[in-house]
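Q: Below are the sequence and a predicted model for it; my questions follow.
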Amino acid sequence: MAGLETILQKIALEGQQEAQDVLHDAQAQADAFIAQAQADAVQILQTAQQEADQQAQQLLERGHSASQLSFRQGVLAKKQQLIQQALLEAKEALLHQPAQSYFRFCLALVVKCAQEGQKGTVAFCARDLARLPEDWENQMSEALQKKNAALSVDPVAVHIEGGCILRYGGVEENCSVEALFIAEAEKLRDRLQVLLFS
């Protein structure tokens, strides 16, 4: 029996290590995606900034003191528009990435947002439910073991663009991509403002 216990312990340790590796890989991919999205947003904004600078120069050459105020307001509006455009393009890029990397992002999101020691469900939009990897629920269960949490996939779709909704009884935690971008919008705008216009 001691040999069997040794084998079972070895299997359990290997399973824990594999779960750690999956979680580490998912976090690394999520970080890499965010870095790539930020780099893409910077490139988009730099190109747009060049266009805005050219437009601003034309306005300045035609302007006078009253038009200078209008010019500054136009530049500010254009910058805000460019930042908003970059955020929208980053969100779209996240929503339309390949299923494997998208669901690794979702796994990292669920692990980050899951309430410790709680049981509940995770709900996806119809598009994501249809393409959910077969072993995703097992990956999620393994990844949530550290938090002593348990979530199952709700078979009923929710009306979100992407991401998920965590439910614990009557309490919902909105982890949709839209909610994440809204929650982080001010920080992202500030970072883009510093990167592009300082």
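A: That came through, no problem.
Q: so how far is residue 124 from the most centrally placed residue in the chain?
A: By CA atoms, centre = their mean, the chain has its centre lying nearest to residue 177, at 6.0 Å. Shown here: residue 177 relative to residue 124, a distance of 11 Å by CB to CB, to the nearest Å. For every residue, glycine as well, the C-beta is placed using N, CA and C.
Q: any shared contact partners between those two?
A: The overlap between the contact sets of residue 177 and residue 124 (CB atoms under 8 Å, 6 or more residues apart in numbering) consists of residue 160.
Q: can you give me the helices in the protein?
A: 2-62, 65-95, 99-113, 126-131, 136-143, 177-197 (DSSP state H).
Q: Return the member of these having the minimum mean pLDDT.
A: Note on the helices of the chain: helix 2-62 shows the lowest mean pLDDT, a mean of 68.
Q: quick one, phi/psi of the residue nearest to residue 126 when sequence neighbours are not counted?
A: Distances taken as CB to CB, 6 or more residues apart in numbering place residue 157 nearest to residue 126, at 3.9 Å, with adjacent residues excluded. Phi and psi for residue 157, reported as degrees, to the nearest 10, are phi -70, psi 150.
Q: burial count for residue 157?
A: 14 (other CB atoms under 10 Å).
Q: ok, now residue 187?
A: 9.
Q: Give me the neighbour count for residue 190.
A: Neighbours of residue 190 (other CB under 10 Å): 11.
Q: actually residue 175, not the one I typed
A: 21.
Q: Hmm, it is touching residue 110, no?
A: Yes: shown here, residue 175 and residue 110 form a contact pair, counting by CB atoms under 8 Å, at 7.2 Å.
Q: which residues do the two both contact?
A: Joint contacts of residue 175 and residue 110 (CB under 8 Å, 6+ apart) are 164, 166.
Q: How much space separates residue 109 from residue 83?
A: From residue 109 to residue 83 the distance is 24 Å (CB to CB).
Q: oh sorry, the question was meant for residue 131
A: 31 Å.
Q: Of these two, give the one with the bigger neighbour count.
A: residue 83 (22 against 12).
Q: any idea how far residue 186 is from that one?
A: 11 Å.
Q: related to what we said a few turns ago, what's near enough to touch the residue nearest to residue 126?
A: Per CB under 8 Å, 6+ apart, neighbours of residue 157: 123-126, 129.
Q: Ok, residue 121 next?
A: Neighbours of residue 121 in contact, by CB under 8 Å, 6+ apart: 151-154, 166-167.
Q: same question, residue 188
A: 87, 90, 181.
Q: so which of those is the most crowded?
A: residue 90 (21 neighbours).
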